[in-house]
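Student: next come a sequence and a model predicted from it.
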Amino acid sequence: MQGSHRAAILHGQDYRARLKQMLASHLPEAEVYDPLEDHGDSINYDDHTGREVFFRHNRMCRSVDVVLAFVPEASMGTAIEMREAHQNGRAVIAISPLEHNWSVKFCSHEIYPDVAAFEAALADGRVRQLICEVLAS
């Protein structure tokens, strides 16, 4: 959410609503967890609360079926979440133009360059197939 900002601000988060709508349409059985819904004011958390939320979210990535990472620019927090999921046999799908970034490249099972490409893969069943293959291995 904060990406590579040096200041205590968040990037625009408008993409989240579109992704949730697409997931509801194409994977209606999916239970979607969006950390922004529970932690919209996280940028203002004190250190104790921020640390607890940060590490809890990273632990969650070890047990969810899929981490869908929207990475339009480098994000250390998202990179950690992707690694936690990947190391624990979870499917990691990135929406990112950073195909050469090692965190994105090596911790993702699939990389889509933008939301439109991800939506096309959702619609034609490629995302569902990928998830099934990763979780079965």
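Tutor: Perfect, thanks for sending it. Treat the numbers as computed from the prediction; the structure is a model and nothing was measured.

Student: can we go C-alpha only for contacts and neighbour counts from here?
Tutor: Will do.

Student: phi first, then psi, for residue 92.
Tutor: Dihedral pair for residue 92: phi -120, psi 120, per degrees, to the nearest 10.

Student: and it, what is it in contact with?
Tutor: 66-69, 82, 85-86, 107-110 (Cα atoms under 8 Å, 6 or more residues apart in numbering).

Student: then residue 35?
Tutor: Contacts of residue 35 (Cα under 8 Å, 6+ apart): none.

Student: per-residue confidence at it?
Tutor: If you check residue 35, the pLDDT there is 70.

Student: and for the one 3 residues further on?
Tutor: The per-residue pLDDT reported for residue 38 equals 64.

Student: nearest to residue 54 among the contacts of residue 92?
Tutor: Using Cα to Cα, residue 82 comes nearest to residue 54 of the contacts of residue 92, at 13.5 Å.

Student: related to what we said a few turns ago, which of the contacts of residue 92 lies closest to residue 25?
Tutor: Scanning those for proximity to residue 25, where the rule is Cα to Cα, the winner is residue 68, at 15.8 Å.

Student: the residue nearest to the closest one when sequence neighbours are not counted in helix, strand or coil?
Tutor: Excluding its sequence neighbours, the residue lying closest to residue 68 (Cα to Cα, 6 or more residues apart in numbering) is residue 93, at 4.9 Å. Of the three states, residue 93 takes strand under DSSP: H, G, I helix; E, B strand; the rest coil.

Student: look up which residues are beta-bridged to residue 93.
Tutor: Beta bridges link residue 93 to residue 68, residue 110, judged by DSSP bridges.

Student: before we move on, the earlier item: scan the contacts of residue 92 and report the most crowded one.
Tutor: Of all the contacts of residue 92, residue 82 has the most neighbours under the rule other Cα atoms under 10 Å, reaching 28 neighbours.
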